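>>> my questions are about this predicted structure, shown below with the sequence.
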Amino acid sequence: MELTKPIPKKFNLDKMSKGLPKRSEDYSAWYNELVKRADLAENSPVRGCMVIKPYGYSIWEKMQNQLDKMFKETGHTNAYFPLFIPKSFLSKEASHVEGFAKECAVVTHYRLKNDPNGGGVIVDPEAKLEEELIVRPTSETVIWSTYKNWIQSYRDLPLLVNQWANVVRWEMRTRLFLRTTEFLWQEGHTAHATKQEAVEEAETMLKVYAEFAETFMALPVLKGVKTPNERFAGAVETYCIEALMQDGKALQAGTSHFLGQNFAQAFDVKFAAKDGKLDFVWGTSWGVSTRLMGALIMAHSDDEGLVLPPNLAPIQVVIVPIFKGEEQLTKISEKAQAIKKSLEAKGISVKFDNRDTQSPGWKFAEYELKGVPLRVAIGPRDLENGTVEIARRDTKTKQVEKMEGIDIIVEDLLKEIQTNVYQKALTFRENNTTKVDSYEEFKKLLDDKGGFFLAHWDGTSETEEKIKEETKATIRCIPLNLEAEAGKCMVTGKPSSQRVVFARAY
RNA sequence: CGGGGUGUAGCGUAGUCCGGUCAUCGCGCCUGGUUUGGGACCAGGAGGUCGCAAGUUCGAAUCUUGCCACCCCGACCA
């Protein structure tokens, strides 16, 4: 029978405020709903922009702090460059402008005035800017125009600067955290006296990103270089880390570019070497964005909600009291505060949720949704026995432990969870990485299973484009740590010296 | 910008084909009480220009026309 009315696509559970959509049934709905319900972010009145809510931002802040620490450890300092870029700057580097022109927000006027025909305001036509301003999609151009003034001699090098900023790229289609019109990021821009030093810098920062992803985000990543097709606009070489999400799609989690002398030439940044000769400096740039939040969510979370690795969880342990009446709460609070104090002494962040407006069950579900790694429940039973109940978010298991020495147990559990979350993601990636030698097999498995595919490619852009058109899969990277292996391109049969990584990507 | 779809309370929706006590239900919110070891229950309550405008009609959420907004698919992309 034909339905006269389309069935609403949305998961119209009448329990809207309860369970999430199932991850396995509708990955996008699950993701969107999770982001909103876990209090991470929501859409803003402006299309494609995002409101990051306090809880979501607190996770981003933890990422920021850790990354910033790692940047400082590798000799970088922070600075801030302007939001607006004169239009002419952007066109100084040819491939750069070509890459970004299609997605730039442009400021043309600087004033509004009352609408003579109505109640509102209009753009004042008198206030047109002589030169339009671009809202930065990335800051290479402003920064290199500034570097021209900062660099004269080899003594000024290397220049190792990072900035935390927002950028705007007017994308056609957006998705919370993964692709928003405005996003927060960090962009490092460095200048060096030699090519080798710049290449090393780009590689160092790639390693920093990979280490951050694996150690803090519990996210295994592939390190590699992009093909010329996928390279950053204006770069000579683009390094990247690629992660695999639970729906079998790849996500580029960070990039690091060796810029050669392209921007130095475009902005005339020269330095005098020891021997007095003038030469253009060598550059790099590298960045990670709030997209990492998307990666974190998609890599670990389940049908109950977010799963946060302890190293990035704003709340690592939540203590939930189970009580009847004021008197019992007072007794439990005493114990809870003592536990909180002993955990905090170990640098563990603890929240004691003693609200009497929500039931314990509600709190359990709520903190699971928010990904809190450990939950400690204390009730009358525990008061009697001198115990607490500890529940793990990652495995959803519960255990009863003696109250004394609980700080040690919690500390160990947090470490174990961190490792386990990483291992789980790694196992998933390994199970979803397939070596393929025939194009037919590749196409079939891409639809059936997804994931990363290691395949031979003849090294030409034409073949890469053809595969992209026919399958929507792209070369995510040419991996750095893969041994050379002679073979034949799965499409053209031409010789290849190494397998590359294909996947459908976000 | 092409192709498809949807606008009803804070959120999710029924009703639209066939105009007439139809503004439905769930969640959330407020009040009172009983509850609290996995999203509690009962009773009561507040909340709506049915996206906007015009038209047809005795009568429009429902039909017609125009506009607006949002979503999905494509092109673009970290």
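Here it is on my side, so go on. Numbers count the residues shown, from 1 in each chain, chains lettered A, B, ... in the order given.

>>> helix, strand or coil for the nearest residue to A:N78 once chain neighbours are set aside?
Computed as C-beta to C-beta, 6 or more residues apart in numbering, the closest residue to A:N78 that is not its neighbour in sequence is A:N162, at 5.4 Å. The C-beta positions use only the backbone N, C-alpha and C, and glycine is treated the same way. Three-state call for A:N162 (DSSP: H, G, I helix; E, B strand; the rest coil): strand.

>>> kindly report the same for A:L251.
Relying on three-state DSSP, one would call A:L251 strand.

>>> so where's the stretch 101-250 of chain A uncertain?
A:117-119 (pLDDT under 70).

>>> quick one: the strands in it?
A:106-109, A:112-114, A:121-123, A:128-135, A:159-168, A:182-192, A:222-225, A:237-244, A:250-260 (DSSP state E, counting those that start in this stretch).

>>> if we can go back for a sec, ok, now how distant is the residue nearest to A:N78 from A:Y147?
A:N162 is 14 Å from A:Y147, where distance means C-beta to C-beta, to the nearest Å.

>>> shared neighbours of those two, which are they?
Shared contacts of A:N162 and A:Y147, defined by C-beta atoms under 8 Å, 6 or more residues apart in numbering, are found at A:H189.

>>> ok, now which ones touch the closest residue to RNA strand B within the stretch 351-500 of chain A?
Per C-beta to the nearest atom of the strand, A:G379 is where the stretch 351-500 of chain A lies closest to RNA strand B, at 2.3 Å. A:G379 makes contacts with A:P321, A:I322, A:F323, A:I332, A:P360, A:E389, as judged by C-beta under 8 Å, 6+ apart.

>>> what do you get if the cut-off is 7 Å, keeping everything else the same?
Contacts for A:G379 were tallied using C-beta atoms under 7 Å, 6 or more residues apart in numbering; they are A:I322, A:F323.

>>> A:E366 versus that one, what's the distance?
18 Å.

>>> what's the answer for A:C489, then?
Per C-beta to C-beta, A:C489 is found 52 Å from A:E366.

>>> got it, and A:V121?
To A:E366, A:V121 is 43 Å away according to C-beta to C-beta.

>>> and what of A:P314?
Distance from A:P314 to A:E366, by C-beta to C-beta: 14 Å.

>>> now A:V388
Here the criterion is C-beta to C-beta. By it, A:V388 lies 19 Å from A:E366.

>>> please enumerate the helices of the stretch 201-350 of chain A.
Secondary structure of the stretch 201-350 of chain A (DSSP state H, counting those that start in this stretch): helices located at A:262-266, A:291-300, A:325-344.

>>> okay, the angle between the lengthiest helix in chain A and helix A:291-300?
When every helix of chain A is counted residue by residue (DSSP state H), the longest turns out to be helix A:406-431. Relative orientation of helix A:406-431 and helix A:291-300, computed by axes from the mean of the first three to the mean of the last three C-alpha atoms, to 10 degrees: 90 degrees.

>>> which helices and strands does the helix or strand of chain A with the lowest mean pLDDT pack with?
Within chain A, no helix or strand scores below strand A:121-123, which has a mean of 80 by mean pLDDT, DSSP states H and E. If you count contacts as 3 or more C-beta pairs under 7 Å, 6 or more residues apart in numbering; DSSP states H and E, strand A:121-123 packs onto strand A:112-114.

>>> same thing but 10 Å
strand A:106-109, strand A:112-114 (3 or more C-beta pairs under 10 Å, 6 or more residues apart in numbering; DSSP states H and E).

>>> and those: which comes nearest A:K277?
strand A:106-109 (40.5 Å; C-beta to C-beta).

>>> name the helices or strands packed onto the closest one?
Looks like strand A:106-109 contacts helix A:87-90, strand A:121-123, strand A:128-135 (3+ C-beta pairs under 10 Å, 6+ apart).

>>> hmm, who's touching the first one?
Counting by C-beta atoms under 10 Å, 6 or more residues apart in numbering, helix A:87-90 makes contact with A:96-97, A:100-101, A:104, A:106-108, A:129, A:131-134, A:136-138, A:140-142, A:144-145, A:266-267, all of which sit outside it.
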